[in-house]
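Undergrad: starting from these lines, generate the structure:
(2 chains)
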Protein chains: 2
Amino acid sequence: MGLRKLETCFSPALYEADLHSGSIVVIIDILRASSAICTAFANGAESIIPVSEVDEAREYKNRGYLVAAERDGYVLDFADFGNSPFNFTREKVAGKTIAYSTTNGTGIINMASSASAIVIGSFLNISAISEWIIAQQKDVVLFCAGWKNRFNIEDTICAGAIAEKLMNSLLFSTICDSTLAAIDLWTIAENDLQGYIEKAAQRSRLRDKGLDDCISFCLTMDYTRKIPVIKNGILVDNIL
Amino acid sequence: MGLRKLETCFSPALYEADLHSGSIVVIIDILRASSAICTAFANGAESIIPVSEVDEAREYKNRGYLVAAERDGYVLDFADFGNSPFNFTREKVAGKTIAYSTTNGTGIINMASSASAIVIGSFLNISAISEWIIAQQKDVVLFCAGWKNRFNIEDTICAGAIAEKLMNSLLFSTICDSTLAAIDLWTIAENDLQGYIEKAAQRSRLRDKGLDDCISFCLTMDYTRKIPVIKNGILVDNIL
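TA: Take a look at the predicted model:
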């Protein structure tokens, strides 16, 4: 095949499912869902069940599952923990299946259901996921979760960092302005990632809620080689 | 009042009308509608009637109006001309009312109808419009038209250029990631605007259709002091 197409979507409100059936969709929600999921697999989680509704998450809890559930950054009262990556320790998650409900992550997974593969990307697994994508023979969409359907900086620069790696392979082409802008923003951000993220709105929101302790961790490159992938509606380690 | 809010919207699909009622909305569609409208007023046009439907534009033609109408960059057969700024010469438009139908401009004007004011921004009137905005006591939304609901680079960098001027006045604050990203992209682009626009997808689309002759003109700063504004559904020179 010729060069593969690389596109970037800045928000669920901009996702065009019809155009992306057959592509690999990389879901990027680095503060904090996609970082938490990568951490869970790094620490030996068996699988993660994405859950949309609060009642469904409660039902999983009643059936004995470990439940991670939050809304707008706050842990739900019946849940074992929220979605800080620091909660997904080896002691808690190794060998476990976790029911995981987030503000918008599960909705996004459903939107991307016509994709050829849905994988979870973050800075934590950036080299592993980029190399894996390069090894496939598929077009790619970098799908930024954003925040309440809005563009956000942190997911965009992570998309830009992945896009740069893919473009450097010389196997991809893009005429997508979002991809070009993401790469340029990444180029500005990369020399002082933490400083750059300081200005992101989500950074302020997490700080206001006292949930910002995990941000430098979420900006760590290559903490893990794990590639979380959706199989039959459930997140598993791609190697399985 | 305290600092005024500055926000940027990258696409009609991201516009949140409820949040922006009472704000000044600046519509930015530099290739080519907002540049053409600024040019028309610079050349003495009396007013411009935004028209949504092709049939409505044809009706205006039958009633003797000058009609500018295109779809996807192509001039409609009954129209006097399309929306290249070069069509809106003084000889053709001075003292005239023009019915103007574009691919998506009129839809955007309707979306912004709850705003306190709707004005048309481009590089051609960038200083005039920025100074005018600064003189008002209103929050501001920079509304990029995008292309078929997608993010585009050219409108984003124009928004970034306006945003930079507004932030430099020290009268605005922003926690909007889109605004911050737009300013950063403008900072990259400003030293070689034409070169930067070369990579935008719309640039390629216009080139493919032979419609790219006006691009350097559309990147000209401060060609005019005119500020097109919607009054009673019609675009007029703000001074009137």
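Undergrad: for the rest of this, base every contact and every neighbour count on C-alpha atoms.
TA: Fine.
Undergrad: contacts for the longest helix along chain A, please.
TA: The longest helix of chain A (DSSP state H) is helix A:153-168. Residues outside helix A:153-168 that contact it (Cα atoms under 8 Å, 6 or more residues apart in numbering or on different chains): A:6, A:8, A:10, A:28-31, A:122-123, A:126, A:130, A:134, A:142-146, A:172-173, A:179-186, A:189, A:197, A:200, B:177-178, B:181.
Undergrad: avg pLDDT for the helix or strand just after that helix?
TA: Under the assignment DSSP states H and E, the closest C-terminal helix or strand after helix A:153-168 is strand A:172-173. Taken as a whole, strand A:172-173 carries a mean pLDDT of 94.
Undergrad: likewise stretch A:51-66?
TA: On average, stretch A:51-66 scores 93.
Undergrad: and A:Thr97, what does it touch?
TA: Residues near A:Thr97 by Cα under 8 Å, 6+ apart: A:45-49, A:65-66.
Undergrad: among those residues, name the ones in strands.
TA: Residues of the contacts of A:Thr97 located in strands (DSSP state E): A:47-49, A:66.
Undergrad: check the offset of the longest helix of chain A from the chain's centre.
TA: In terms of Cα atoms, centre = their mean, to the nearest Å, the centre of helix A:153-168 is found 13 Å from the chain centre.
Undergrad: what do you get for stretch A:77-84?
TA: Here stretch A:77-84 is found 18 Å from its chain centre; the criterion is Cα atoms, centre = their mean.
Undergrad: got the end-to-end distance for that stretch?
TA: 15 Å (Cα to Cα, to the nearest Å).
Undergrad: contacts for that stretch next, please.
TA: Outside stretch A:77-84, the residues touching it (Cα under 8 Å, 6+ apart) are A:32-33, A:36, A:58, A:61, A:66-70, A:73-76, A:87, A:102, A:211, A:214.
Undergrad: and chain A, which of its residues are near chain B?
TA: Listed as neighbours of chain B in chain A under the rule Cα under 8 Å from any Cα of the partner chain: A:13-14, A:149-153, A:175-178, A:181, A:184-185, A:188, A:199-201.
Undergrad: 10 Å instead, please
TA: By Cα under 10 Å from any Cα of the partner chain, the residues of chain A that approach chain B are A:8-16, A:149-154, A:156, A:174-182, A:184-185, A:188-189, A:199-202, A:204.
Undergrad: could you pick out the buried ones from the residues you listed?
TA: Among the residues of chain A next to chain B, the ones that count as buried by 16 or more other Cα atoms under 10 Å in any protein chain shown are A:8-15, A:149-154, A:156, A:174, A:176-182, A:184-185, A:188-189, A:199-202, A:204.
Undergrad: inside helices: which ones of those residues?
TA: Using DSSP H, the members of those that fall within helices are A:153-154, A:156, A:177-182, A:184-185, A:188-189, A:201-202, A:204.
Undergrad: how about the strands in chain A?
TA: Taking DSSP E to define them, one finds strands in chain A at A:4-9, A:24-28, A:47-51, A:66-71, A:74-75, A:97-101, A:117-121, A:140-144, A:172-173, A:228-231, A:234-237.
Undergrad: which of these has the lowest average pLDDT?
TA: strand A:74-75 - the lowest mean pLDDT of the strands of chain A, at a mean of 84.
Undergrad: strand partners (parallel or antiparallel) of that one?
TA: Strands that pair with strand A:74-75, judged by DSSP bridges, come out as strand A:66-71 (antiparallel).
Undergrad: who's in contact with A:Met14?
TA: That one is not Met; residue A:14 is Leu. Going by Cα atoms under 10 Å, 6 or more residues apart in numbering or on different chains, A:Leu14 touches A:8, A:143-144, A:149-151, B:11-14, B:149-151.
Undergrad: confidence score at it?
TA: Listed pLDDT for A:Leu14 reads 95.
Undergrad: could you do A:Leu180 as well?
TA: Listed pLDDT for A:Leu180 reads 96.
Undergrad: got a list of what it touches?
TA: Residues in contact with A:Leu180, defined by Cα under 10 Å, 6+ apart, are A:7-8, A:160, A:163-164, A:174, A:186, B:152-153, B:199-201.
Undergrad: one more: A:Ile48?
TA: A:37, A:40-41, A:66-68, A:96-101, A:228-230, A:233-237.
Undergrad: please repeat the previous calculation with a cut-off of 6 Å.
TA: A:97-99, A:235 (Cα atoms under 6 Å, 6 or more residues apart in numbering or on different chains).
Undergrad: of the residues you listed, closest to B:Ser21?
TA: Among the contacts of A:Ile48, A:Ala99 lies closest to B:Ser21 (Cα to Cα), at 40.1 Å.
Undergrad: pretty sure the closest one sits against A:Ile49.
TA: Yes - using Cα atoms under 6 Å, A:Ala99 makes contact with A:Ile49 at a distance of 4.6 Å.
Undergrad: show me the contacts for A:Gly121.
TA: Contacts for A:Gly121 (Cα under 6 Å, 6+ apart) come out as A:26-28.
Undergrad: now the residues you listed in JSON lines, with distance to B:Ile118?
TA: Shown next, in JSON lines, are the contacts of A:Gly121 (distance: Cα to Cα, whole Å):
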{"residue": "A:Val26", "distance to B:Ile118": "37"}
{"residue": "A:Ile27", "distance to B:Ile118": "36"}
{"residue": "A:Ile28", "distance to B:Ile118": "35"}
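Undergrad: which single one of those is nearest to A:Asn110?
TA: Nearest to A:Asn110 among the contacts of A:Gly121, with distances taken as Cα to Cα, is A:Ile27, at 11.3 Å.
Undergrad: what's the distance between the closest one and chain B?
TA: 18 Å (Cα to the nearest Cα, to the nearest Å).
Undergrad: for that residue, what are its contacts?
TA: Taking Cα under 6 Å, 6+ apart as the contact definition, A:Ile27 lies against A:120-121, A:143.
Undergrad: any idea which of the residues you listed is closest to chain B?
TA: For these, the minimum distance to chain B (Cα to the nearest Cα) is 13.5 Å, reached by A:Phe143.
Undergrad: please name the bridge partners of the closest one.
TA: A:Cys9, A:Ile27.
Undergrad: ok, it touching A:Pro12?
TA: No - checked against Cα under 6 Å, the pair A:Phe143 and A:Pro12 is beyond contact range at 7.7 Å.
Undergrad: tell me, how many residues neighbour A:Asp190?
TA: Quick fix: residue A:190 reads Glu, not Asp. Neighbour count of A:Glu190, defined by other Cα atoms under 10 Å in any protein chain shown: 15.
Undergrad: how close does it sit to A:Ser101?
TA: 31 Å.
Undergrad: go on, A:Arg205?
TA: As judged by Cα to Cα, A:Arg205 and A:Ser101 stand 19 Å apart.
Undergrad: which one of these two has more residues nearby?
TA: A:Ser101 (28 against 14).
Undergrad: sorry, back to before: farthest-separated two in the ones in helices among the buried ones among the residues of chain A next to chain B?
TA: A:Asp177 and A:Ser204 (27.4 Å).
Undergrad: right, and A:Leu66 touches A:Tyr100 too?
TA: No - counting by Cα under 6 Å, A:Leu66 does not reach A:Tyr100; the two are 8.6 Å apart.
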